[in-house]
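Enquirer: whatever this is, show me its structure:
(chains A and B)
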Protein chains: 2
Amino acid sequence: MVAAEKVIMTKELIAEQYQQIQDEICAGLEQLDGKEHFVEELWQRDGGGGGRSRVIQNGAIFEKGGVNFSRVEGQLPETIKNALKVEQQDFFATGVSIVIHPNHPLVPIIHMNIRYFEMESGKAGKPAMKWFGGGIDLTPHYVFEDDARFFHSKLKAVCDDFGGDAYHRFKVWADDYFYIKHRHETRGIGGIFYDRLTATDEHSWDDIFTFSKAVGRSFLPIYTELVNRNRNKPFTEAQQEWQYQRRSRYAEFNLVYDAGTKFGLETNGRIESILMSLPPQARWLYNYQAAPGSEEEKTLGLLKKGINWV
Amino acid sequence: MVAAEKVIMTKELIAEQYQQIQDEICAGLEQLDGKEHFVEELWQRDGGGGGRSRVIQNGAIFEKGGVNFSRVEGQLPETIKNALKVEQQDFFATGVSIVIHPNHPLVPIIHMNIRYFEMESGKAGKPAMKWFGGGIDLTPHYVFEDDARFFHSKLKAVCDDFGGDAYHRFKVWADDYFYIKHRHETRGIGGIFYDRLTATDEHSWDDIFTFSKAVGRSFLPIYTELVNRNRNKPFTEAQQEWQYQRRSRYAEFNLVYDAGTKFGLETNGRIESILMSLPPQARWLYNYQAAPGSEEEKTLGLLKKGINWV
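Expert: Modelled structure (predicted):
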């Protein structure tokens, strides 16, 4: 008899699998675009670690999209030390982060992130704190209810495999997180968001790691479907203008509220990777009012917390 | 003998004079544009006061420009109370705030602000704290050294009338304030910035009020000259693209660092007035590098603190 090999979840393994997910997604998106390829840049961080930034621009489908992997380590930055209220310690963080701005106004913007963080306790091999975070959310320039139901039902399936009321909890979390307070509107139709997931009686570390990978791997089939549903629809110049206006809200969210962006800006991260989420083209019109009864007004009416899509 | 009439500097008088300055500037800018007019919106603030927002869009010169006056009062918002470390009190704030985005890439973006703030002590007629703040700064899409020298020498003249080393102090303050930390570049070529100016042995309240009005009234002749120097120059599509890229840096500064914008977003201000400073059209390209020896590269080289323009 041979004992079943038990795979130990290490930070090395997590980084390796995340990198694998980045590869799968980039290959799939290139196939979907059919015209442009990702340009890769390898970067190193002063203080430890680095990443693989991959950006696609001016594609057939993707006007600007980034699929970034990073794996950074070293001394905890001052701002994080203060936020976590801990003494100076070594940390390790790895993740995959995606934002895609499509050319077509009827194809939605999408964002996905999976990440793992740990901090040493000073005792060899024993991290003091560790957790997983992540999520996927969708920002249609025009909300199509069928697409929204499809999107949320797919995320629910991933969460249901994880178990319990995960979908409900993470969906509410996304509604709260992806909220543009000063506009009183959600960034899009939400999705799922979770942070600081740690092992419990219900979920082992392996369960959480498996869930994290499942979230990462759900991205490509979901977005492929949403692209294919809408990419061949005709659209007007006015719809393109509206797309640029919606993108300006996306920029507002990312620059004012997004925790990852703030973290990056405050810790002197690689600026082009942090801000690759910003739209290639955006418009701020003064005091724009959607015409009563228009598709634009309908979309604004659906940018609210608490809509049940499944 | 008749005693010379002494004008008492009251908050009412300050607000009235600021409103007058708004009128003068709007009239002058409309004349300069020659095509479009400002659209005015009067608004009221829950909790006290209100303002006159005036926006010009799609003019011959001005793609989007706002000249706002506000005069608000009431209970100090929670965030400000905490920042100032004071108990709940009544406050009063009035100011004029301008941002202009021109159509022409060789005409610069400009910003001007004059403001007055006071807080009651609880004793009738005796404010516990009061101060003036303000400034003017210029953001050329392309830095022309002659224009930069003209701009700074005019501001120096206004500061020299105020006395002492005001220009030097306020110029350094602007360099530090209008700085996009994460880009390691200044927003433009700076100008002057000052805050919390209070009466001293050197300057009475009347001196400071006079200076505040002089800053406000310097705006129109300075900007008129800069517009007229550049409005008829030919320009290329590539220069327009560069303009849109520079505007994205402007949006980054305003959304990430600008104190007035943060204050407005956190205190539930009138969002369209607060964000009227954002560009009508902006572009974020990934990892753009200016061509060696180009005008774009030269401009980037001049977006630094500590350049002496006079």
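Enquirer: CA only for contacts and neighbour counts going forward, please
Expert: Fine.
Enquirer: Three-state assignment for the residue nearest to the spatial centre of chain A, please.
Expert: Nearest residue to the geometric centre of chain A (CA atoms, centre = their mean): A:M112, 2.4 Å. Here A:M112 is recorded as strand under DSSP: H, G, I helix; E, B strand; the rest coil.
Enquirer: tell me which residues form a beta bridge with the residue lying closest to it once chain neighbours are set aside?
Expert: Excluding the flanking residues, the one nearest A:M112 by CA to CA, 6 or more residues apart in numbering or on different chains is A:I136, at 4.3 Å. Beta-bridge partners recorded for A:I136 (DSSP bridges): A:M112, A:I192.
Enquirer: and A:I136, how many neighbours does it have?
Expert: 26 (other CA atoms under 10 Å in any protein chain shown).
Enquirer: correct me if wrong: it contacts A:G188.
Expert: No. Look at A:I136 against A:G188 with CA atoms under 8 Å: they stay out of range, at 11.3 Å.
Enquirer: picking up where we left off before, which residues touch the residue nearest to the centre of chain A?
Expert: A:M112 makes contact with A:V96, A:S97, A:I98, A:V99, A:G134, A:G135, A:I136, A:D137, A:G216, A:F219, according to CA atoms under 8 Å, 6 or more residues apart in numbering or on different chains.
Enquirer: picking that back up, gap between the residue nearest to A:M112 and B:L278?
Expert: Remark: distance between A:I136 and B:L278 (CA to CA, to the nearest Å) = 28 Å.
Enquirer: which of the three states applies to the residue lying closest to A:R45 once chain neighbours are set aside?
Expert: Among residues not flanking A:R45 along the chain, A:V72 sits closest, at 7.1 Å (CA to CA, 6+ apart). Look at A:V72: counting by three-state DSSP, its state is strand.
Enquirer: three-state assignment of A:G164?
Expert: coil.
Enquirer: now the helices: where do they sit in the stretch 1-150 of chain A?
Expert: A:11-33, A:78-84, A:145-162 (DSSP state H, counting those that start in this stretch).
Enquirer: tell me which of those sits nearest to B:I61.
Expert: helix A:11-33 (39.8 Å; CA to CA).
Enquirer: isn't A:S153 up against A:S218?
Expert: No. At 11.6 Å, A:S153 and A:S218 do not qualify as touching, with contact defined as CA under 8 Å.
Enquirer: per-residue pLDDT of the residue nearest to the centre of chain A, please?
Expert: pLDDT recorded at A:M112 is 98.
Enquirer: from the contacts of A:M112, pick the one nearest chain B.
Expert: Chain B lies nearest to A:V99 out of the contacts of A:M112, by CA to the nearest CA, at 12.6 Å.
Enquirer: what's the neighbour count on A:V310?
Expert: 12.
Enquirer: give me the distance between the residue nearest to A:R45 and chain B.
Expert: 19 Å (CA to the nearest CA, to the nearest Å).
Enquirer: dump the residue contacts of that residue.
Expert: So A:V72 contacts A:R45, A:G48, A:G49, A:G50, A:G51, A:F92, A:A93, A:T94 (CA under 8 Å, 6+ apart).
Enquirer: next step: those residues restricted to strands.
Expert: Judged by DSSP state E, the contacts of A:V72 include A:G49, A:G50, A:G51, A:F92, A:A93, A:T94 as members of strands.
Enquirer: if we can go back for a sec, now the contacts of A:M112 in JSON lines, please, with extra columns for distance to B:V227 and pLDDT.
Expert: Below are those laid out as JSON lines (distance: CA to CA, whole Å; pLDDT from 0 to 100):
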{"residue": "A:V96", "distance to B:V227": "47", "pLDDT": "97"}
{"residue": "A:S97", "distance to B:V227": "43", "pLDDT": "96"}
{"residue": "A:I98", "distance to B:V227": "42", "pLDDT": "97"}
{"residue": "A:V99", "distance to B:V227": "39", "pLDDT": "97"}
{"residue": "A:G134", "distance to B:V227": "49", "pLDDT": "97"}
{"residue": "A:G135", "distance to B:V227": "48", "pLDDT": "97"}
{"residue": "A:I136", "distance to B:V227": "47", "pLDDT": "98"}
{"residue": "A:D137", "distance to B:V227": "44", "pLDDT": "98"}
{"residue": "A:G216", "distance to B:V227": "52", "pLDDT": "98"}
{"residue": "A:F219", "distance to B:V227": "50", "pLDDT": "98"}
